[in-house]
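Student: sequence and predicted structure below; questions after.
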Amino acid sequence: MKKIFLIILLQFIFIFCGEEKLKPKIDNSINSKEIPDQESRNAKITFTENGKLKAVLFSDIIKVLGNKNEKYLEGVTVDFYNEAEQKNSRLTSKKGRVDDLTQDMYAIENVVAKSDSGVTLTTEELIWRNKTKKIMTDKFVKIVSDKEIIEGYGFESDQSLRNYTIFDITYITNVEQ
């Protein structure tokens, strides 16, 4: 009786404990090229030129994709400095990216730039060119100062917002004081 029970038990083990291997499910919706090589939170990047402070970038999240030579930013604040290394303007945006080759910065979504002289610029996209230290866009912009409100498309300025040009003005009014 024990032999019959042992034979049935061994058959049971061979039938239900075979070599079938379980393969993990692969999620094909994730593109491995879009996964960052590095990720930083509450990061700070300092831009200098010939030892002088030019800008300081703060970001909630910085993602580095190695093969693209770019850094992707979320929650962006950039402080710009003049020749005397004094802060003279601040730029904020929801997102951004930095080109590693040129060090140009692209501010994207809810972009606000404020100068110490009282000028405020709002737009949806803005580019800061590291080589020229100018900010520019071809998108709609609104500039509010203590003297006037100007709206239009296309914009270029120095990073302190003291000398700016709007290429296609759609609205302008003087502010009464």
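Tutor: It's in.

Student: mind checking pLDDT for the residue lying farthest from the centre of the chain?
Tutor: Taking Cα atoms, centre = their mean, the residue of the chain most remote from its mean C-alpha position is residue 1, at 75.5 Å. Residue 1 is assigned a pLDDT of 70 by the prediction.

Student: do you know how far it is from residue 66?
Tutor: 69 Å (Cβ to Cβ, to the nearest Å). The C-beta positions use only the backbone N, C-alpha and C, and glycine is treated the same way.

Student: the residue farthest from the centre of the chain and residue 145, how far apart?
Tutor: Taking Cβ to Cβ, one finds residue 1 at 101 Å from residue 145.

Student: re the thing from before, and the residue farthest from the centre of the chain, how close does it get to residue 43?
Tutor: 74 Å.

Student: and what of residue 113?
Tutor: Residue 113 is 21 Å from residue 43, by Cβ to Cβ.

Student: so between the two, which is more surrounded?
Tutor: Remark: of residue 113 and residue 43, residue 113 carries more neighbours, 27 against 14, as counted by other Cβ atoms under 10 Å.
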